[in-house]
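Undergrad: With the input below, show me the fold.
(one chain, ligands or ions: 1)
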Amino acid sequence: MPTLAEQHCSACHGEAARLTPEQIDQLLPALPKWQIVERGGIMQLQRSFTFRNFAQALDFTNRVGELAESQGHHPAITTEWGKATVTWWTHKIRGLHHNDFIMAARTDEVVHANV
Ligand SMILES: C[C@H](O)[C@H](O)[C@H]1CNC2=NC(N)=NC(=O)C2=N1
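TA: Got it, this is the predicted structure:
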């Protein structure tokens, strides 16, 4: 079974089902540094990354942006001096899809590649 980071996003249509709480509970242990947040009734996956300065946070942000473009699945990113917060969810289903867990795992790999 490929790890989350080895998987590729699937095309997600508007009728795709959101992950159930049970499915989320099964997937979350693979992402120990990520947390589930709820905003406006929408479940999201979020993690903050710390860096030595703004330039490193911005470089990471751009690398995550390239990843998002390559997979056609995009996060919200808040970039600050020494910190970047990445939030994944699937807009068209207003919730969490398996794709969001894949992208969170791939985001963790970006930061390792970054250092
Ligand atoms: C047309 C375009 O492919 C779609 O709007 C994609 C773009 N990136 C996306 N990213 C996320 N996180 N959710 C989406 O529903 C989504 N849809």
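Undergrad: what does this protein have sitting close to the ligand?
TA: 72, 73, 74, 90, 91, 92 (CB under 6 Å from any ligand atom). Placement of C-beta: from N, CA and C, glycine included.
Undergrad: Let's see if you can find the most crowded of those.
TA: residue 90 (24 neighbours; other CB atoms under 10 Å).
Undergrad: Mind pulling up the pLDDT for the residue lying closest to that residue once chain neighbours are set aside?
TA: Closest residue to residue 90 in three dimensions, ignoring its sequence neighbours and counting by CB to CB, 6 or more residues apart in numbering: residue 97, at 4.1 Å. The model reports residue 97 with a pLDDT of 97.
Undergrad: thinking again about what came up before, okay, the residues of the chain next to the ligand in CSV with distance to residue 50 next?
TA: Shown next, in CSV, are the residues of the chain next to the ligand (distance: CB to CB, whole Å):
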residue, distance to residue 50
72, 28
73, 24
74, 22
90, 27
91, 27
92, 31
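Undergrad: in this protein, which residue is closest to the centre?
TA: Nearest residue to the geometric centre of the chain (CA atoms, centre = their mean): residue 104, 3.3 Å.
Undergrad: how far does the helix or strand where that residue lies sit from the chain's center?
TA: Here residue 104, judged by DSSP states H and E, is contained in helix 98-114. Relative to its parent chain, helix 98-114 has a centroid offset of 6 Å by CA atoms, centre = their mean, to the nearest Å.
Undergrad: what helices or strands is that helix leaning on?
TA: If contacts are counted by 3 or more CB pairs under 8 Å, 6 or more residues apart in numbering; DSSP states H and E, helix 98-114 sits against strand 42-50, helix 54-71, strand 83-88.
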